[in-house]
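Engineer: need a 3D model of the sequence below.
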Amino acid sequence: MPIIAIEFLDWLDPETLIKAVGLFGVFAVIFAESGLLIGFFLPGDSLLFTAGFFASGPESIPESLHLPFLPLLIGCLLAAVIGDQVGYVFGRKAGPALFRRPDSRFFKQEYVDRAHGYFDRYGPKTIVLARFIPIVRTFAPVVAGVGRMEYKIFFRFNVVGGVLWALGITTLGYYLGQIDFVARNLEVTIIIIVFISILPMIIEIWRGRRERAAGAKGSDEHDHQSTSAEGE
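Structural biologist: Prediction:
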């Protein structure tokens, strides 16, 4: 793997990010992942958890990296909510052009389609549910803007989702960080948190494939019955 690629992956490590950019850098990452299309690859869940862990003041990290808990909570919440607001406004401005945008190295049309599929299934609740699904959480507010969801409804679900996600995961990291086992096994804990966060996406993909397979099977049976009827 090229050295540049390795350095890029290192920057996606939440601990490395926090050490490099500090408290306000955490806010910037959460803001970008919440509503900027270029931020879909950023480590939102693991970053929030690690930031909360650092705020608990564990002895395993230097005191200079201990983050102030209350400012961390407030900043992450504002960054998450404002990020979604920006995504919504961009969606309203971009309109249908977003769905015609060609694939590139970083942008994939399937990301938009996936977020749109969640709206078809869950409606406005998608804004809350998407907070816990990587990639979808970045594109959901944009798709809401494209679909011109009523602003009052969007704002309400945006705030609820921001509270549950930004405050919930950060607080979880803070209190679990005071447990010796978690403090000694931070990387393992982060992997578990990330796995739990992408579990809904894995389930959704599995359900989608199962439904498509069932639909294809039903279509084949229908064609077979039609052929048999014509033969008779």
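
Engineer: so how far is the first residue of stretch 121-131 from its last?
Structural biologist: Stretch 121-131 has its terminal residues 16 Å apart, counting by Cα to Cα, to the nearest Å.

Engineer: show me what counts as buried in that stretch.
Structural biologist: The neighbour-count criterion (16 or more other Cβ atoms under 10 Å) identifies Thr126, Ile127, Val128, Leu129, Ala130, Arg131 as the buried residues of stretch 121-131. No exception for glycine: its C-beta is placed from N, CA and C like everyone else's.

Engineer: so what's the model's average confidence on it?
Structural biologist: Averaged over stretch 121-131, pLDDT sits at 85.

Engineer: centre of the chain to that stretch, how far?
Structural biologist: Here the centre of stretch 121-131 is set off from its chain's centre by 12 Å, with Cα atoms, centre = their mean, to the nearest Å.

Engineer: wait, what's in contact with Pro136?
Structural biologist: Small correction: residue 136 is Val, not Pro. Listed by Cβ atoms under 8 Å, 6 or more residues apart in numbering, the contact set of Val136 reads Tyr111, Arg114, Ala115, Tyr118, Ala130, Met201.

Engineer: closest to Gly91 out of the buried residues of stretch 121-131?
Structural biologist: Ile127 (11.9 Å; Cβ to Cβ).

Engineer: can you pull the contacts of the closest one?
Structural biologist: Shown in contact with Ile127 (Cβ under 8 Å, 6+ apart): Asp84, Ala140, Pro141, Ala144, Phe154, Phe157, Asn158, Gly161.

Engineer: mind checking the SS state of Phe41?
Structural biologist: Taking DSSP: H, G, I helix; E, B strand; the rest coil as the rule, one finds Phe41 in the coil state.

Engineer: quick check: the gap between it and Arg184.
Structural biologist: Separation of Phe41 from Arg184 (Cβ to Cβ, to the nearest Å): 29 Å.

Engineer: ranking helices and strands of this structure by mean pLDDT, which lands last?
Structural biologist: Ranked by mean pLDDT, DSSP states H and E, the weakest helix or strand in the chain is helix 3-11, scoring a mean of 42.

Engineer: so which other helices or strands are in contact with the very next helix or strand once past that one?
Structural biologist: Proceeding N to C from helix 3-11, the next assigned helix or strand is helix 14-35, under DSSP states H and E. On a contact count with 3 or more Cβ pairs under 8 Å, 6 or more residues apart in numbering; DSSP states H and E, helix 14-35 meets helix 3-11, helix 44-55, helix 69-94, helix 136-146.

Engineer: could you redo the last one with a cut-off of 10 Å?
Structural biologist: If you count contacts as 3 or more Cβ pairs under 10 Å, 6 or more residues apart in numbering; DSSP states H and E, helix 14-35 packs onto helix 3-11, helix 44-55, helix 69-94, helix 136-146, helix 151-162, helix 168-176, helix 186-231.

Engineer: quick one, it and helix 69-94 angle?
Structural biologist: Interaxial angle of helix 14-35 relative to helix 69-94 (axes from the mean of the first three to the mean of the last three Cα atoms, to 10 degrees): 40 degrees.

Engineer: could you give the angle of helix 14-35 to helix 151-162?
Structural biologist: Relative orientation of helix 14-35 versus helix 151-162 (the same axes, to 10 degrees): 160 degrees.

Engineer: in helices, which of the contacts of Val136 fall?
Structural biologist: Secondary structure defined by DSSP state H assigns Tyr111, Arg114, Ala115, Tyr118, Met201 of these to helices.

Engineer: now the residues you listed in JSON lines, with distance to Ala214?
Structural biologist: Compiled in JSON lines, those are given as follows (distance: Cβ to Cβ, whole Å):
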{"residue": "Tyr111", "distance to Ala214": "25"}
{"residue": "Arg114", "distance to Ala214": "20"}
{"residue": "Ala115", "distance to Ala214": "24"}
{"residue": "Tyr118", "distance to Ala214": "20"}
{"residue": "Met201", "distance to Ala214": "20"}
